[in-house]
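Participant: What follows is a predicted structure for the sequence shown.
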Amino acid sequence: MTANQAGGCLPNPRQMLLLRAALSRGPEGVAAWERWGRDGGLDHLDDGSFRLLPLVGANLSAQGYQGPHSNRLKGVRRQAWSQNQVLFSQVRPLLEALHAAGTPVLLMKGAALAFQVYPDAGCRPMRDIDILVPPADARELWEKLEAAGWRPLYWRPRALSQSFFRFRHAMDFEAPSGGRVDLHWHALNLCCHSSADQMFWEHSQPLEFLGLPLRTCTPAAHLFGICVHGIVWSETPPIRWIADSILLLRRFPALDWELLVEASLSLDVVPYVRRALEFLLSEFDAPVPAEVLTTLSGAAVSASTAAGFARDSDPFAARSAWQDLLPFYARWRRSLGGASPVYHAAGFVRHLEYAFGYESAWGLARHLTRSAFRRLAGRRP
């Protein structure tokens, strides 16, 4: 991989410097930026780091910093602000229509955070707007989007079956105008069940979006979602989730930690949340209560969830076929919401079909067979 393609799970040393330039106040932030620049930061800029530059510019500007690249930072920030305004205007008609129809909608992730915790909407670049709707409304909304010319990206099943909306959590759509919406009917890809969605819907808060009265989830639910989604390997280096978390905690330091811990335990995602919070505390002195980490550290973790976290944090590590299968089992088991896996065993096959983008057991079988042969060929001396 080239520098622009290298993914990961946590920031590398150079990315850490840029994060400190974006988040540290006073001389530490300026020193981190100047060291990052001396190390050739602008000459070896990965996608994740580029997304952080508008926030770096805002942080340094607030401290009165003027340096050789200050104008470039201002330009990147203006560009991000302009692109976001275009995206907002492209998606606003859809949100207006949903609001007028009385469809419950939660604004999630980047767009919500941009208006709540970032200095301005230009400091948080985004390629789409994430919205959450109830599963019962997802199929009808999907059909209306397609009728209006929106197209689903990546993969579309031939039939929008009930099982599809049960085992998948979201789909990206692109409008004819170019605007993108990440349509969620479940809040988390790890937990496709109403019990996981409940914490996002309950006690939701009002949020104005370009004059449109919408709602978003509580700070605790937001941080929970950031941790679960952020602390995994990604082709785009994982940087922005850290900025999202730190700015959220600065804005809402007294969030409902009890709710976050309860969700981590009940949904069996403790390794994800614990690792993310440990990192935020150790590297950025985030105000994470000691009792939160104590509780998470002492919690029992299922074998399938442990295997899932290991795979999500390092997908290229050598592992057996069984170890590769366990993470999918963990996600499927969570989708049952506590129901017996024994009585719903047939659903695991359907879950795998949708996970790999197939609509038949035969297609899935061919895929798994090819994977097995590649695995065996790789082990030959």
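Facilitator: Sure thing, it's come through. Residues are numbered from 1 along each chain as shown.
Participant: And the strands in this protein, which stretches?
Facilitator: Using DSSP state E, the strands of the chain run over 106-108, 129-132, 151-152, 170-174, 180-184, 205-209, 212-216.
Participant: can you list those in CSV and add distance to residue 164 and mean neighbour count?
Facilitator: For glycine as for every other residue, the C-beta is placed from the backbone atoms N, C-alpha and C. Formatted as CSV, the strands of the chain follow (distance: least, Cβ to Cβ, whole Å; neighbours: other Cβ atoms under 10 Å):
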stretch, distance to residue 164, mean neighbour count
strand 106-108, 21, 23
strand 129-132, 17, 25
strand 151-152, 12, 14
strand 170-174, 10, 19
strand 180-184, 13, 22
strand 205-209, 29, 14
strand 212-216, 26, 17
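Participant: Throw these into CSV and include distance to residue 118, thanks.
Facilitator: Output for the strands of the chain, formatted as CSV (distance: least, Cβ to Cβ, whole Å):
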stretch, distance to residue 118
strand 106-108, 14
strand 129-132, 15
strand 151-152, 29
strand 170-174, 22
strand 180-184, 19
strand 205-209, 13
strand 212-216, 14
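Participant: Let me have those in CSV, extended by mean pLDDT and distance to residue 63.
Facilitator: Formatted as CSV, these follow (pLDDT from 0 to 100; distance: least, Cβ to Cβ, whole Å):
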stretch, mean pLDDT, distance to residue 63
strand 106-108, 96, 31
strand 129-132, 97, 31
strand 151-152, 94, 44
strand 170-174, 96, 37
strand 180-184, 97, 34
strand 205-209, 94, 29
strand 212-216, 95, 30
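Participant: wouldn't residue 185 be in contact with residue 135 here?
Facilitator: Yes: counting by Cβ atoms under 8 Å, residue 135 is a contact partner of residue 185 at 4.5 Å.
Participant: Need the residues touching each of those two.
Facilitator: Here residue 185 and residue 135 share the contacting residues residue 165, scored by Cβ atoms under 8 Å, 6 or more residues apart in numbering.
Participant: so who does residue 360 touch?
Facilitator: Counted by Cβ under 8 Å, 6+ apart, residue 360 has contacts residue 353.
Participant: Now the phi/psi pair for residue 155, please.
Facilitator: Dihedral pair for residue 155: phi -160, psi 140, per degrees, to the nearest 10.
Participant: before we move on, the earlier item: between residue 185 and residue 135, point out the one with more neighbours.
Facilitator: residue 185 (24 against 18; other Cβ atoms under 10 Å).
Participant: ok, back up a step: which stretch among the strands of the chain comes nearest residue 314?
Facilitator: The closest of the strands of the chain to residue 314 is strand 170-174. By Cβ to Cβ, the value is 24.1 Å.
Participant: Where does the prediction get shaky in the stretch 251-381 of the chain?
Facilitator: By pLDDT under 70, the weakly predicted segments of the stretch 251-381 of the chain are 343, 372-381.
Participant: now residue 334: how far from residue 189?
Facilitator: 10 Å (Cβ to Cβ, to the nearest Å).
Participant: For the two, indicate the residue with more neighbours.
Facilitator: Higher neighbour count among residue 334 and residue 189: residue 334, with 23 against 15, using other Cβ under 10 Å.
Participant: just checking, that one touches residue 192?
Facilitator: Yes: between residue 334 and residue 192 there is a contact under Cβ under 8 Å: 7.2 Å.
Participant: could you say what helices and strands the helix ranked longest in the chain packs with?
Facilitator: For the chain, the helix that runs over the most residues, judged by DSSP state H, is helix 70-101. Secondary-structure packing of helix 70-101 (3 or more Cβ pairs under 8 Å, 6 or more residues apart in numbering; DSSP states H and E): helix 47-62, strand 129-132, strand 180-184, strand 205-209, strand 212-216.
Participant: Dump those to TSV, plus distance to residue 104.
Facilitator: Converted to TSV, the helices and strands packed on helix 70-101 look like this (distance: least, Cβ to Cβ, whole Å):
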stretch	distance to residue 104
helix 47-62	30
strand 129-132	9
strand 180-184	12
strand 205-209	13
strand 212-216	8
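Participant: wait, which of the ones you listed is closest to residue 285?
Facilitator: Nearest to residue 285, of the helices and strands packed on helix 70-101 and by Cβ to Cβ, is helix 47-62 at 16.2 Å.
Participant: From the contact counts, what lies against the closest one?
Facilitator: Counting by 3+ Cβ pairs under 8 Å, 6+ apart, the packing neighbours recorded for helix 47-62 are helix 13-23, helix 27-38, helix 70-101, helix 240-251.
Participant: Would you mind putting the ones you listed into a markdown table with mean neighbour count alongside?
Facilitator: A markdown table is the format used below for the helices and strands packed on helix 47-62 (neighbours: other Cβ atoms under 10 Å):
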| stretch | mean neighbour count |
| --- | --- |
| helix 13-23 | 21 |
| helix 27-38 | 17 |
| helix 70-101 | 16 |
| helix 240-251 | 21 |
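Participant: need those helices in JSON lines with distance to residue 340, can you?
Facilitator: Output for those, formatted as JSON lines (distance: least, Cβ to Cβ, whole Å):
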{"stretch": "helix 13-23", "distance to residue 340": "44"}
{"stretch": "helix 27-38", "distance to residue 340": "52"}
{"stretch": "helix 70-101", "distance to residue 340": "36"}
{"stretch": "helix 240-251", "distance to residue 340": "34"}
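Participant: Could you pull up the residues touching the residue nearest the centre of the chain?
Facilitator: With distances taken as Cα atoms, centre = their mean, residue 229 lies nearest the centre of the chain, 4.0 Å away. Applying Cβ under 8 Å, 6+ apart, we find residue 229 in contact with 188-189, 241.
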